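1. Below is the structure, and that's it, no one-letter string:
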């Protein structure tokens, strides 16, 4: 008897999208830093834990790309929450820039790996590595306007990730492409990420 596992991709993508959206609202100055406590709660529970769970389930399904992406960004959200809770104000901004830059480098090579996947996923990683780069430059040089631009790129990234989450869920349930995921996409696959 063949065992069939569900698709954890929509869970991981929306965990990422929703947490990224909330933090990017603060980075873009759409919301004040007073909302950071809620971002931390989201980072620990949905952005971190749900993404890590999606990464483990993706591993069981044999999807290396999703495994690495979800476990890594789940760990990013956990590390971000720990940093904000215990070390913010104790770490020089330029070093925070290096933290963001390291995540940008990782995201850049994940973007290159995403070329084997659908266009929607490529846009998620493209906008995310630009987000990290802008936030790093803003932290390195104290350029608030560049950090705000990073916040706007984060909002766009979150929208792409939320759309892809919905497309993965809806297309998988209908077993056809209801929501398009890109002109260069492979045929509909319920484990396309």
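-> That came through, no problem. These numbers were taken from a predicted model, which means no experiment stands behind them.
2. residue ranges with poor pLDDT in this protein?
-> Across the chain, the ranges flagged by pLDDT under 70 are 1-3, 183-193.
3. quick one: residue 178 and residue 10, what's the gap?
-> Using Cβ to Cβ, to the nearest Å, we find residue 178 at a distance of 13 Å from residue 10. The C-beta positions use only the backbone N, C-alpha and C, and glycine is treated the same way.
4. Which residue of those two possesses the greater neighbour count?
-> Applying other Cβ atoms under 10 Å to residue 178 and residue 10 shows that residue 10 carries more neighbours, namely 23 against 14.
5. quick one: what helix or strand has the more buried one in it?
-> Per DSSP states H and E: residue 10 is located in helix 9-27.
6. Which other helices and strands does that helix contact?
-> helix 36-42, helix 51-60, helix 64-82, helix 119-141, helix 144-174 (3 or more Cβ pairs under 8 Å, 6 or more residues apart in numbering; DSSP states H and E).
7. how about 7 Å then?
-> Contacts defined by 3 or more Cβ pairs under 7 Å, 6 or more residues apart in numbering; DSSP states H and E place helix 9-27 against helix 36-42, helix 51-60, helix 64-82, helix 144-174.
8. So which of the ones you listed is nearest residue 88?
-> Closest to residue 88 of the helices and strands packed on helix 9-27, according to Cβ to Cβ: helix 36-42, at 9.0 Å.
9. Export the helices and strands packed on helix 9-27 as CSV, with columns for mean neighbour count and distance to residue 19.
-> Below are those laid out as CSV (neighbours: other Cβ atoms under 10 Å; distance: least, Cβ to Cβ, whole Å):
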stretch, mean neighbour count, distance to residue 19
helix 36-42, 17, 5
helix 51-60, 20, 8
helix 64-82, 20, 6
helix 144-174, 20, 8
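10. I'd like a version of the ones you listed in JSON lines, one that adds distance to residue 28 as further columns.
-> Converted to JSON lines, the helices and strands packed on helix 9-27 look like this (distance: least, Cβ to Cβ, whole Å):
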{"stretch": "helix 36-42", "distance to residue 28": "13"}
{"stretch": "helix 51-60", "distance to residue 28": "22"}
{"stretch": "helix 64-82", "distance to residue 28": "17"}
{"stretch": "helix 144-174", "distance to residue 28": "3"}
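11. Can you say which of those is nearest to residue 15?
-> Nearest of these to residue 15, taken as Cβ to Cβ: helix 51-60 at 4.5 Å.
12. excluding its backbone neighbours, what's nearest residue 59?
-> Distance criterion Cβ to Cβ, 6 or more residues apart in numbering; nearest residue to residue 59, sequence neighbours excluded, is residue 67 at 4.3 Å.
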